[in-house]
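> sequence and predicted model, in that order:
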Amino acid sequence: MSTKIQELPEVGEIVIGTISKISDHGAYATLDEYNGIQGFLHISEIAPGWVRSVTKFVRTGEKKVLLVKKINKQRSDVDLSLKQISKDQKKKKLQDVKRFEKEKGILKNIQEKSGLTDNQEIRGILEISNEKSNGVELIKKILLDVLKKNKVNNVNISYLGAPKYRITINSADFKTAEKTLKPILEEIEKLTNKAGGVYKFQREESKKTGEGWLNFQLRKCSFCKIYTLKDTCPQCKEKTNSVHPAKFSPDDKYLKYRIRDKK
């Protein structure tokens, strides 16, 4: 069984969080630098002294510089603190974010000038079965014929294990991809029913592709916790590491999980 592992911040790390929800006991914040992982800011960690009203210090949609106080890796819980952030820490973090956004913008500009634009990908799971003696051959023929016919439209169908197949379509925009997908699904359903089979389709989450080229250029300093495009940290001059190390490499922090999932 495959388990999806999310990257979590480290205890003591300073992060940017967007306040997403406020309660009587504190506030929830989405961590901007960690793919939307949500952390909790307890009322006792909002400000020194007694806090009568949470909304006096934080508001929904507001971005705050926060300290990661505690982490429960099993539950992916992140406890945050606002009161333990000094003015200097806040200033430094905002400067780092500004530098990161500037470098990302420069890289994005290079990407656009090079013609390496992002693509849109839509995908879904096909469940096709046929109880006839030659059912497998019939299904294979249907899918191969569809692939051959739509080769120019960047259509790909991969086998996941009977009776499931994944269909993926890449295009410059979602509208074009959807326009391509609809007749293909109709054709597969029609041919499957005609052959006496059973057809079912379920959509998966659509996503942008091509962003990997941009994201994999980013590097991070293990000491200063800042992002950069350079091999050395502009602040402490230490060597930086790739934010996304190759799977099963010595720098793959999730190596033990990947090995466990392969068993």
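Sure, I can see it. Numbers count the residues shown, from 1 in each chain.
> in three-state terms, label Ile169 for me.
Under DSSP: H, G, I helix; E, B strand; the rest coil, Ile169 falls in the strand class.
> by mean pLDDT, flag the weakest helix or strand of this protein.
Across the helices and strands of the chain, mean confidence by mean pLDDT, DSSP states H and E is lowest for helix 211-215: a mean of 45.
> who touches stretch 66-81?
Contacts to stretch 66-81, defined as CB atoms under 8 Å, 6 or more residues apart in numbering, come from residues 6, 8-17, 29, 31, 37-42, 45, 82, 84-85, 89. To be clear about C-beta, it is placed using only N, CA and C from the backbone, and glycine gets the same treatment.
> list the neighbouring strands of whatever helix or strand comes next after the least confident helix or strand of the chain plus their orientation.
Later in the chain than helix 211-215, the nearest helix or strand by DSSP states H and E is strand 219-220. Partners of strand 219-220 in the sheet, by DSSP bridges, are strand 227-228 (antiparallel), strand 241-242 (antiparallel).
> roughly how far out does strand 219-220 sit from the chain middle?
17 Å (CA atoms, centre = their mean, to the nearest Å).
> and the strands in the stretch 51-200 of the chain?
Assigned by DSSP state E, counting those that start in this stretch, the strands in the stretch 51-200 of the chain fall at 63-72, 77-81, 119-129, 155-161, 164-171, 198-203.
> strand partners (parallel or antiparallel) of the fifth one?
Right, strand 164-171. Short version: by DSSP bridges, strand 164-171 pairs with strand 119-129 (antiparallel), strand 155-161 (antiparallel).
> list the buried residues of it.
165, 167-171 (16 or more other CB atoms under 10 Å).
> which of those lies closest to Val65?
Nearest to Val65 among these: Asn170, at 38.0 Å, using CB to CB.
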